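In: here is a sequence with its predicted model. Questions after.
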Amino acid sequence: MKNLVLITSILIIVLALQACGSSSKKSPTPTTPTTPTTPTTPPTTPTLPEAVHHIQPEDVARYVENYQSQQAAVELQIDGAIYKVTFVDMSQSDNLIFAQYDKGFLFFGFDFENNQPVDFIRVVETELEDINEALADADNYFFGKDISLSQDDNENATYEGSISHPVKGDFSIKLTVNESLIEGGTSTVEVSGTIAMVNGDLGTKTYVQITDLINNHPEVDTLLLQEISGSVNDAINMHTGRLVRNAQLTTMVEATSDVNSGGVDLYTSGFKRVYTEGAKLGVHSWCCTEGKPADELGRDHEGHGAQLTFFREMLGAELGPEFYFFTIEAAPHNTVHVMTKAELDKYLLQ
């Protein structure tokens, strides 16, 4: 996720003025298991634990179809004009979701603990592309008035009322959102010759993009991971990694790459992995299950199951689990550990 320090400080000021009236996120050829050269007994195939998935492989297509259906329902209406909305960031501590639309940005209330919308909305009309710069310009704020909330059987939440600007006046507003807004992520996949450059937060949108890439760009054999802060949907991100491995794509990082958390997961999925000196690969624990981050669960906790399954597939029966536990123990969920040269060598990520 992006740094919300500036955003939050601005919001504190803005909200104070109005009182008077922003897991998990994670080259050489993959390793293969080895057996003793002179076994004393006939070799046996090790029995691996049963595979665990947050989304069963046979359910992925239906999951993506539902995501696309939900995405079609996400919409912003201002004074009758309709705009598409894309996710930018969120702050769980402030119960706010940040998004972008054709003419600027907006942020609205959401109680993450209770999974409920909050009757709060602000719109920032601006040509600025950087959200921090946009939120710093209080002259462009439209403040929500008399916002009512409703939810339907299709898991859509609607914020409806009006927004007011001290000079431009009042306008009707209607915002319809659902979980697809966040779980989709913010990723972009741009094709240049035989390389596809991947940036942004990974999510269900990334799965759709990689599927499209494989189906419609057979010339592409390499994913260049550039700026990835992590994944907003680890459950689907692991299946995105399986797409990459099954298509035998190479994953690559360049000297300026800054890839973290779920982005590192995606990097490990490369049929071949190419590391360029200077690239940053950041790992940390994910959060949370049963109120605890992954590094506090104990190694035998069932909450590790899906990740262990994934890394066994990508790095082998022994190295996979070893790498996974290294990642969650390297740094708490709210920080990041940039892997050292020795660690990259040990886990065969270069």
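Out: Happy to help now that I have it.
In: burial measure for Phe310, as a count.
Out: 25 (other C-beta atoms under 10 Å). In this view, the C-beta of every residue, glycine as well, is placed from N, C-alpha and C.
In: which element is it on?
Out: helix 305-315 (DSSP states H and E).
In: quick one, whatever helix or strand comes next after that helix and helix 305-315 angle?
Out: Following helix 305-315 in sequence order, the next helix or strand is helix 319-330 (DSSP H and E). Angle, helix 319-330 to helix 305-315, by axes from the mean of the first three to the mean of the last three C-alpha atoms, to 10 degrees: 130 degrees.
In: for Glu129, grab the count of nearby residues.
Out: 10.
In: wait, is it part of a strand?
Out: No. Glu129 sits outside any strand when classified using DSSP: H, G, I helix; E, B strand; the rest coil, being coil.
In: how close does it get to Ser187?
Out: 17 Å (C-beta to C-beta, to the nearest Å).
In: please apply the same query to Glu318.
Out: Taken as C-beta to C-beta, the span from Glu318 to Ser187 is 31 Å.
In: between those two, tell me which one has more neighbours.
Out: Neighbours per residue, other C-beta under 10 Å: of Glu318 and Ser187, the larger number sits with Ser187, 24 against 13.
In: residues contacting the more buried one?
Out: Val198, Asn199, Gly200, Asp201, Leu202, Gly203, Lys205, Thr206, Gln209, Ile228 (C-beta atoms under 8 Å, 6 or more residues apart in numbering).
In: what do you get for Glu183?
Out: Glu183 neighbours (C-beta under 8 Å, 6+ apart): Tyr67, Gly203, Thr204, Val232, Asn233, Ile236.
In: pLDDT score assigned to the fourth one?
Out: pLDDT for Val232: 92.
In: how many other residues sit next to Leu202?
Out: 34.
In: just checking, it touches Met238?
Out: No. Leu202 lies out of contact with Met238 (C-beta atoms under 8 Å); the separation is 10.4 Å.
In: tell me where the model's unsure across the stretch 201-350 of the chain.
Out: 350 (pLDDT under 70).
In: before we move on, the earlier item: so what touches the helix holding Phe310?
Out: Residues outside helix 305-315 that contact it (C-beta under 8 Å, 6+ apart): 30-31, 48-49, 51-54, 234-235, 238, 241-242, 245, 265, 268-269, 286, 294, 320-321, 323-324, 347-348.
In: among these, which are located in helices?
Out: Under the assignment DSSP state H, the contacts of helix 305-315 contribute Asp234, Ala235, Met238, Gly241, Arg242, Arg245, Asp265, Thr268, Gly320, Pro321, Phe323, Tyr324 to helices.
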